[in-house]
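**Student:** sequence plus predicted model, see below.
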Amino acid sequence: MSSSPYQAAGKLMNQILDQKKSIKTVAFSKSKLTCSKATYATVCNTIQNKPNIDAILNHNGGDLRKGIEMDNARNKGLVYVLLYEFLFGPYGNIRGGGKLKRMIVKNEKLLKATKDKLIKSGDSKSVRVVPTFPRYVRVNKLKATTEEVVKALHEALEKYGTGKDLKDIYVDAHVPDLLVVPPKGSIPWHDLDIVKEGKIVLQDKSSCFSALAMTHGHHGNSVPQGDFIDACAAPGNKTSHLAALVYDQKQGSSKSKRCKVFGFDRSSTRLTILKNRMQQLAPLVTDPNDVAASKKSKFPVEICPTHQDFLNAEPSDKHFRNVKSILLDPSCSGSGIVNQPDRVADLDGDDNEKRIESLSNFQLVALKHAMSFPNVDRIVYSTCSKHQMENEDVVAIALRETNDATEEDGKKWRLVSPKALTHWKRRGLKHDDLTEEESKCLIRVNGLDGDDTNGFFVSYFERVDGVSKTDNDDDDQSSLVTAVDLVNAIDGVKGIYNGEFRVAATRSPKGKGKQASKVKGDDQNQAHSQGKSLVSTVEVDAGPKEDKVKKGDKVKKSTEDKIIPRKAAKRLDWKRKQKEKKLERVLKQKAAKVAKGDEKSKEDNK
């Protein structure tokens, strides 16, 4: 018997490793899954645990890598799949047989001992913790009110949720109109009317920082005037968020004029995605050249999907003469995204360094191009990368080279700490070409160190004289407050989110013996920074009777309340069906024997 149950998963894993693409890119064709759901799930879990498998194989000089002949394996993808099943799978063993299984089983003791050793050592550089973040729901103020959304969410939680703790809704402490709900549950989000109608956007918290810094970054008494450019807009979450925030500001300003948000993308396919998304989320979406359609509407914010490479956009183009603000969130390594098992954020070795260097060069060119627009006085540059080369390095070089080439002091650029994120503590890394004050202006997010959202980087630039000269004539400053101040008391929400959904759980390879403890605030930062677990951080519902679970206490559940993992449940169901079929066969065989015996008796009687 061979290891055939894993062949399809091994083949898919090989494609991902060879092509260095995400599983979604490889496994989907025209939005349709090209493999079975079971294969897709297995590969997702394998990718999620690949850093941990590599840490185990490379430990102690790579003895285990040599022992299972990993470097000589012709089917590395299958080896990774088998190692996942053996070390991290729900059953802790490999179905089927074959040479690869024999090699792995031969090294069973050393593999599992090394895994246990790394868990106990808490080596955060070698192991990877995959966190589970809360579900963030951004209210689309272009189409709905927060009260309306909260009511609809409570109805969904009542209908699909179970248990007291799964029905709480919180308000985020930093991003206005961002609601926080439990990370787990069986709500079919994309089937909800509020999602289909564009009333909410399922958007990660950190990715909301870009638009927030753009509209609420300045510390003076001004709101952004003029038009906006989202330089790399598709699929459109940041574009719609920017439009919603601008709309909200213009509602509270008596002198604000109507503005446009240009959403750039050079790919026709991605531009179509952007257009469709904007039609769902925004009341007014037009072609930038369609002046007649634009004049008909009285809506204060107009979104204009633009089929163009931002690098080829002429700063002197008449369409962009009124552009005063640019949001630049370019392609990056995605290394800050830590909670998605279906993507490989970083490659290995020299290939990774070359890729990051190439991305960094592109990002620098894009940022300097944004700084070249003569009438622009605000720029936000952001990435979902953790690498200094894509973040602080790009900011420092762009700032130095652009300012050195600018003669007028008033036209030079400076870094400003976004006002709306004043209470965000994690700041930029120290850099030789940035002052300590400039580094503190930069925003960093670390999903593995207690920030409850994926890794992100945000920088906010202003021209030295541009903002004050352009915007100081606006007489209504009511909307320019920090994000914490923007959080209002809303009926149906429990309060401001403060880590209520953070529950760390360690799990044995077979999924038994769960141990849970609620972690809040600095305690969770410490837990993540110590890196004490190879396995995912998951939510455990202790039930309504247990308000607090102390560290070291085991969560006890009755047999009725015990939650069986989805894979294990499927396996048990399969076994039950096999037993029923076997029983049916046995009964048929017995019936056949009885019938045969009766016929023989009749013949004997004759």
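**Tutor:** Right, received. Where do you want to start? Numbering: from 1, shown residues only.
**Student:** use CA for all of it now, contacts and neighbours both
**Tutor:** Will do.
**Student:** in space, what's closest to S267 - neighbours in sequence excluded?
**Tutor:** H307 (7.2 Å; Cα to Cα, 6 or more residues apart in numbering).
**Student:** isn't the one you found right up against R270?
**Tutor:** No: H307 lies out of contact with R270 (Cα atoms under 8 Å); the separation is 9.3 Å.
**Student:** okay, and the beta partners of the residue nearest to S267?
**Tutor:** Beta-bridge pairing for H307 (DSSP bridges): D265.
**Student:** pull the number of nearby residues for L202.
**Tutor:** When neighbours are defined as other Cα atoms under 10 Å, L202 has 16 of them.
**Student:** with adjacent residues omitted, what lies nearest to it?
**Tutor:** V137 (5.0 Å).
**Student:** which strands and helices sit next to the host helix or strand of the one you found?
**Tutor:** Element membership of V137, judged by DSSP states H and E, is strand 135-139. Packing contacts for strand 135-139, counted by 3 or more Cα pairs under 8 Å, 6 or more residues apart in numbering; DSSP states H and E, involve strand 178-181, strand 200-202.
**Student:** would you map the helices across the stretch 201-350 of the chain?
**Tutor:** Assigned by DSSP state H, counting those that start in this stretch, the helices in the stretch 201-350 of the chain fall at 209-215, 237-251, 268-281, 291-296, 349-371.
**Student:** hang on, the earlier thing: report the separation between the residue nearest to L202 and I94.
**Tutor:** The spacing between V137 and I94, counted by Cα to Cα, to the nearest Å, is 39 Å.
**Student:** go on, I68?
**Tutor:** For I68, the distance to I94 - Cα to Cα - is 15 Å.
**Student:** ditto for Q249
**Tutor:** When Q249 is compared with I94 (using Cα to Cα), they lie 58 Å apart.
**Student:** how about I443?
**Tutor:** Counting by Cα to Cα - I443 and I94 are separated by 45 Å.
**Student:** settle it for me: which of those two has more neighbours?
**Tutor:** A side-by-side neighbour count of I443 and I94, using other Cα under 10 Å, places I443 first with 24 against 21.
**Student:** so the more buried one touches S459, yeah?
**Tutor:** Yes: I443 is within contact range of S459, at 6.4 Å (criterion: Cα under 8 Å).
**Student:** ok, how many other residues are close to K143?
**Tutor:** 16.
**Student:** how about it: what's its closest non-neighbour residue?
**Tutor:** Counting by Cα to Cα, 6+ apart, K199 is the residue found nearest to K143 once chain neighbours are left out, at 5.4 Å.
**Student:** how about that neighbour, what does it touch?
**Tutor:** By Cα atoms under 8 Å, 6 or more residues apart in numbering, the residues touching K199 are 139-144, 149, 281.
**Student:** now these: which count as buried?
**Tutor:** 139-143, 149, 281 (16 or more other Cα atoms under 10 Å).
**Student:** would you turn those residues into a markdown table with pLDDT?
**Tutor:** Formatted as a markdown table, these follow (pLDDT from 0 to 100):
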| residue | pLDDT |
| --- | --- |
| V139 | 95 |
| N140 | 95 |
| K141 | 91 |
| L142 | 92 |
| K143 | 92 |
| V149 | 94 |
| L281 | 92 |
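**Student:** for I187, helix, strand, or coil?
**Tutor:** coil (DSSP: H, G, I helix; E, B strand; the rest coil).
**Student:** where does pLDDT dip in the stretch 351-500 of the chain?
**Tutor:** 351, 466-489 (pLDDT under 70).
**Student:** can you give me the helices for it?
**Tutor:** 392-404, 436-441, 466-471, 483-486.
**Student:** phi first, then psi, for the closest residue to G336 other than its chain neighbours.
**Tutor:** What sits nearest to G336 in space, not counting adjacent residues and going by Cα to Cα, 6+ apart, is G455, at 3.9 Å. Dihedral angles phi and psi of G455 (degrees, to the nearest 10) take the values phi -60, psi 140.
**Student:** wait, doesn't G455 sit right on N446?
**Tutor:** Yes: using Cα under 8 Å, G455 makes contact with N446 at a distance of 4.5 Å.
**Student:** what touches both of those two?
**Tutor:** By Cα under 8 Å, 6+ apart, the residues touching both G455 and N446 are 336, 386.
**Student:** show me which positions of stretch 192-201 end up buried.
**Tutor:** So for stretch 192-201, counting by 16+ other Cα under 10 Å, buried means 194-195, 198-201.
**Student:** now do stretch 169-187
**Tutor:** Those would be 169-182, 184, for stretch 169-187 by 16+ other Cα under 10 Å.
**Student:** same thing with stretch 396-412?
**Tutor:** 396-399, 402-403, 411-412.
**Student:** stretch 369-389 now?
**Tutor:** Those would be 369-371, 373, 375-389, for stretch 369-389 by 16+ other Cα under 10 Å.
**Student:** from the contacts of K199, pick the one nearest V105.
**Tutor:** V139 (51.3 Å; Cα to Cα).
**Student:** list the contacts for the residue nearest to the closest one when sequence neighbours are not counted?
**Tutor:** Nearest residue to V139, sequence neighbours excluded (Cα to Cα, 6+ apart): I200, at 4.7 Å. Counting by Cα under 8 Å, 6+ apart, I200 touches 137-140, 144, 149, 194.
**Student:** farthest pair in the buried ones among the contacts of K199?
**Tutor:** V149 and L281 (14.4 Å).
**Student:** ok, residues contacting stretch 390-402?
**Tutor:** 332, 356-357, 359-360, 363-364, 367-368, 371, 382-383, 385, 412-414, 428-429, 431, 433-434, 457, 459.
**Student:** please save the CA atoms from stretch 419-428 in CSV.
**Tutor:** This file holds the C-alpha atoms of stretch 419-428, laid out as CSV (Å, rounded to 0.1, in the frame of the first residue of the first chain):
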residue,chain,number,x,y,z
LYS,A,419,-2.8,62.3,15.0
ALA,A,420,-5.4,59.5,14.8
LEU,A,421,-2.9,56.9,15.9
THR,A,422,-1.4,58.9,18.8
HIS,A,423,-2.3,56.1,21.2
TRP,A,424,-0.6,53.4,19.1
LYS,A,425,2.5,52.5,21.0
ARG,A,426,4.6,50.4,18.5
ARG,A,427,6.7,52.7,16.5
GLY,A,428,9.4,52.5,13.7
